[in-house]
Structures are given as structure tokens and as C-alpha cells.
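Engineer: Structure for the following, please:
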Amino acid sequence: MALTQLIKDAIENPAAGVVRINVGIAFADVGFKQVIAQTWGSILEKDWLLGTAAGTTRTNFNVSLTTVEPVTGIPVYIYNVLKHVEPFNGIAPANYAGSGPYMVSVAASASNLVVLQRNPNYWGGWPAPGRKAYLEFVNIEYLSDWNVRKAAFIAGQLDVNAVPRSNQVEIMDTFGEPAYASMKTIKNISPSLSMDSMFYTFTIDPASPSLYGGLFPTGIPANFFNNTDVRKAFSYAFDRATFLQQAWMGEAIVRETPAIFGLVPDYYNYGPDPPWTYYLNTTLVEQHLKAAMFTQGAETKSVWDWGGFKLDVFYNSGNVPRQIACQILKSTFDTINAASGKNFQIVIQGPDWATFLTLMEAMSMPVWQIGWLADYADASNWFGPYMHSFGDFTYYQAYSAANGWDTQVGALSGMTGKDEMIDRAFLTPDGTSRQNMYFDLNDIYVNEVPNLPTSQPLGRRWAQYWVKGWYFNTLYPSQYYYNLYKEDACWADVTSATPGIPDGRTDMRDIGYVAGHFGAKAPDTARTPPYDPKWAPGDYGMAGADVYGDRKVDMRDIGFAAAHFGHTAQP
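Structural biologist: Numbering: from 1, shown residues only. Okay, here's the model as predicted:
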């Protein structure tokens, strides 16, 4: 009830049609606005939540929260309610609530199908502003087998397709363009606000079979990765440059810390990248393995002098980039073994996703990979999961104050450790003080290397040419179907008398529209200012001036439009 009252007190209604949110503390203003703008911060109908709306049959949910003792009177930001099951997950599809443009009409896990149906009462109206039409239904098919998806895409049975980066060469020609006339790809889209990383479990479950008995040289002790030199050795053993090329065809970047590219404000201070602090260097791998001391029985020796170890590294089955990462790590230690006569064994494991999560929660995996997608584009959404004792990832690593990892505080005086810095930074308004906290957290992260960032992919979209209306939004991780429609019209039909609205024919008006945007470049937060005034919303190829789809408007786009002169919509 106390939590309910706090929420009630925070929401004020000073006048009709006005809602005021009073958080009661100093706060990062930009971050807060991002939070309430996200789909996972949706406002829902009160009666539906209480179960009193027509058609709902559930009883009220009783949710208890575990509290954490505040540090020096500062409210603690709890990043993860451990093993918490969201009660609304048990609600049948018929009880979905919201005010969006589409409703869930089918959610069939047995057939891996979700069907969305247009909401005719959507407050935004139909069609979407600037669009000629709309989709009545959206079928989302979960086809895990790439070869099945590829065949359906080639046959025109899929309008939009998820194409693994390492497989896209299979549907490309020798120039790197789609090999099939109906397909269109938009490439080099601004880096997604997501990052994959390799995680080290500081204290592994002693019962884990991945310890292989728990002793050198035929296994590893449970506290193997609780040693900083071990983590640094493994980080220097990972060839990130090769990984980005093999797994992402070079269409990815990576930073050294959770301060990924694209956050606002940008609190990254450990660059530029590349070159990276952690890169493939077998000399440094050997150096750190010689510095990592472990005692077994009455004998204390370095990992190098113990002569060997054996452990498992994990990826979730079907995730090709993560599988490649495991192979690259294994390859490095195989090379070291061949040169030194040591026996450092890496065993690659690829369980299904459900099993992977179970093993993660059990702290059973020595080395594992997972990714984080931004809930909002602020540093607080990243340093918590990657560094806080109660982080979504770090908790399952045992990278925690309880395990001795909360003592280094950088240049900031009067703080007990990284957890308090993360809590304070979360609650501090943007400015120099907040920036300095994150700068210190960057330094702590690189020095302690609790996990190793491996990739932040550049966006890439594959669709049939008749899918229109798409635009890029870095904070929207899926399709925004409200703006999409289908028209069997030429890709280069981008305008009519109304700017930006196609008219079903490619003519001089379209060529002129593209020429008028000549030199435009897509938004890039690395530039100042980040937005080119010539770049119009939707310019990514689908009803935009960038008909070629490479994030810039140049002679290639004008030539593409000219080559399609006279093309008209098909009946």
C-alpha cells in the first residue's frame, strides 16, 4: 500500500487535461522524458489494471517488493527484482489493453504466429499522416530456420525479413546489392542502441559441470574469474576486429564501456575506438595468466604455471554472431597451446534460450554472452545492468559489493563505491557533476573489466520494394506498423505535387525531388549538429530521397531514379 500511495502522490491533476508528474527528487530531465516516451512506460486504463473493466475476470494482483537499505540516505536504484514474474504475463490475449493502432487478435505459440488487427478507433486516425494507405492485418511469423525464411523471402511470401548479417551474402550480388529484383536493403543505419557483451561469472556454482572438477589443470576453481588478471587475459584473447568482420561483415562498432554510441548526453571518455584497450594480444594473455595466482592444497602457482585449464563458454543456440565469438576465443587459446605446450581448453556450449537463462540464473556458466537493448537512451540504463551489484547481468556474475567489488571510487570522494556512484548519477541532473561520475565509472569498468563489449551493430533493413512508409527511429526496436503500407509501385516513386507523398508514377517530379536533397546525410550523433537540414524524415529509401538506401543522397540516387523513369504502380 505504501508503494501505491507514493505513485498516487506523484501524479497530480492541477487542471482539466493536464497531468503533472512529481518525482520528488532531483533527476536527469532528458532521461526522464525518454522513459515516459517509451512503449514499456505505457499509460494503461485504471479499470483494466484493477480488473473491474468489462471483459476482465482476474482478481487484483498483490506484488511485494524487496527493499534495499539506502546508502547515506540516497534512495537505491533497484535495477533488477530477482526472479520477478510480471503478473500481467499471465493475462490471456483477449485481455490485452492499450490505445495503440493495432490489437492482438492471434497469439499462437504452437504455430509461432502473432496476428495484429487494425484498431478502427485509434485516436491518431487512418491513414497515418503523410501516408497513402494502411495495413488491415499484420502477420508476424517466427521462423527460426534461416533457410526457411530465405526461401519465403525470395518467393515474395515475406514482406519484411530478419536477415542474419553473416547470411546476407546469400541474397546479395557481387556488388553487395540485393540479388533479387523485388528486394530492397537499407544499410549503414545509425548504430542500434543495443550491445552484445561477453560476461565472466566471478563465483561459479561449485556444482556446475562447467568447472570440470574444479581443479587445475583439468578444470577451473569456482572463483576463477574473481581474479582481475584472468578476466584481462580472456579479454586480450578475444579478437574483436576479426569478430566484427566475420559476424557482422564490418557493419558494427564497439566501445570499451557501457556508454554506447548514441546515448544523450554522451558520457563516454575512454576512446577513441579502435584501437581498443582490449584487443587480440597473446603476449598480454600470457602476461596476465602468469600474474593470476591460485592456491590448490599447499601449493600456490600462476594459471600459466599450472599448465592448463578446462572450461565452457556459452552462446544461445541459433545466435550465429555469439557462436562465432565463442569460436574466436577458442581459436586464440588453441594457438597459445600450440606455441607453448600448455593445455588451455575451451569447450563451446550452445543450449536453447530457455536453458541458457536457467543456467545464467544458477550462475553455472563461466563465460556467457547476452545483449542489452536500451529502455531509454541515457547512461543510467546501461551502467546499472553492467556494473551495479543488483544489475540485470552483474547480479548473475556475482560482480557485487557482497563479493568485494565495491571499493574503487575513482576521483570522487566520500562515496563508498561504484554502487553508490551509479545510484547518485541516476538521481543527479545532467551537468558536470553527473558527467564526472560516469567518467569515473568508465575508468572503473575498463580497469576491472567485469564483462567485455563485443558489438554494437549498425542497422540494416531488408524488405520487398512494395513495402512503403518505413522510417528509422533508433529507440524503436521493432516495426512501427502504423506508418507502413503496401503499394506495387516503383521504389523511386517518392513524391507527387505534395512533397514526399508518392503518386504511383516515377517521373521528373521524383528526379527533381531527389536532386533537391542532393548532399543530404542521415542523422549522426557524432556530428555537430547531428541532423542535416536537407535530410527529411523518411528519407531512408522507402518514400524518401535516399532511394539507393545508403544514408546519403548523391548521384547514385539520382541515377537510380532516372533509370526507373516511367515506371508506374501495378494493378
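Engineer: rest of the way, CA atoms for contacts and neighbours
Structural biologist: Noted.
Engineer: So what are the sheet partners of the longest strand seen in the chain and their directions?
Structural biologist: If you go by DSSP state E, the chain has its longest strand at strand 451-464. The strands beside strand 451-464 in its sheet (DSSP bridges) come out as strand 160-161 (antiparallel), strand 183-191 (antiparallel), strand 194-200 (antiparallel), strand 252-253 (antiparallel).
Engineer: wait, doesn't K418 sit right on L441?
Structural biologist: Yes - under the criterion of Cα atoms under 8 Å, K418 makes contact with L441 at 7.0 Å.
Engineer: What distance do you get for S192 to D29?
Structural biologist: 23 Å (Cα to Cα, to the nearest Å).
Engineer: show me where pLDDT drops low in the protein?
Structural biologist: Low-confidence segments of the chain, defined by pLDDT under 70: 1-7, 39-45, 48-97, 271-275, 408-413, 477, 523-533, 535-543, 549, 569-571.
Engineer: okay, now the domains of it?
Structural biologist: 21-101, 487-571 (automatic domain parsing).
Engineer: related to what we said a few turns ago, how far does the longest strand of the chain sit from the chain's center?
Structural biologist: Its chain's C-alpha centre lies 8 Å from the corresponding centre of strand 451-464 when counted by Cα atoms, centre = their mean, to the nearest Å.
Engineer: And S192 and D29? Which one has more around it.
Structural biologist: Higher neighbour count among S192 and D29: S192, with 23 against 12, using other Cα atoms under 10 Å.
Engineer: mind listing what that one touches?
Structural biologist: By Cα atoms under 8 Å, 6 or more residues apart in numbering, S192 lies in contact with Q456, P457, L458, G459, T474, L475.
Engineer: okay if I get these as CSV plus neighbour count and distance to H517?
Structural biologist: Shown next, in CSV, are those (neighbours: other Cα atoms under 10 Å; distance: Cα to Cα, whole Å):
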residue, neighbour count, distance to H517
Q456, 23, 29
P457, 23, 27
L458, 18, 23
G459, 17, 22
T474, 17, 22
L475, 19, 25
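Engineer: just these now: which is nearest T498?
Structural biologist: Proximity of those to T498 (Cα to Cα) peaks at T474, which lies at 27.1 Å.
Engineer: Quick one: residues contacting the closest one.
Structural biologist: When contacts are counted by Cα under 8 Å, 6+ apart, T474 touches S190, P191, S192, L193.
Engineer: residues contacting the residue nearest to Y200 when sequence neighbours are not counted?
Structural biologist: Once flanking residues are discounted, Y200 sits nearest to V367: 4.8 Å by Cα to Cα, 6 or more residues apart in numbering. Residues in contact with V367, defined by Cα under 8 Å, 6+ apart, are M198, F199, Y200, T201, D312, V313, F314.
Engineer: how many neighbours does the nearest residue to the first one once chain neighbours are set aside have?
Structural biologist: In space, and not counting its chain neighbours, M198 is closest to Q369: 4.6 Å by Cα to Cα, 6+ apart. Counted with other Cα under 10 Å, the neighbours of Q369 add up to 24.
Engineer: Repeat that for G100.
Structural biologist: By other Cα under 10 Å, neighbour count at G100 equals 13.
Engineer: Look up how far N119 lies from it.
Structural biologist: With distances taken as Cα to Cα, G100 is found 7 Å from N119.
Engineer: And K290, by the same measure?
Structural biologist: 64 Å.
Engineer: Quickly list what the residue nearest to Y200 is bridged to.
Structural biologist: Assigned bridge partners for V367, using DSSP bridges, are Y200, V313.
Engineer: what do you get for K552?
Structural biologist: Here K552 shows beta-bridge partners K521, assigned using DSSP bridges.
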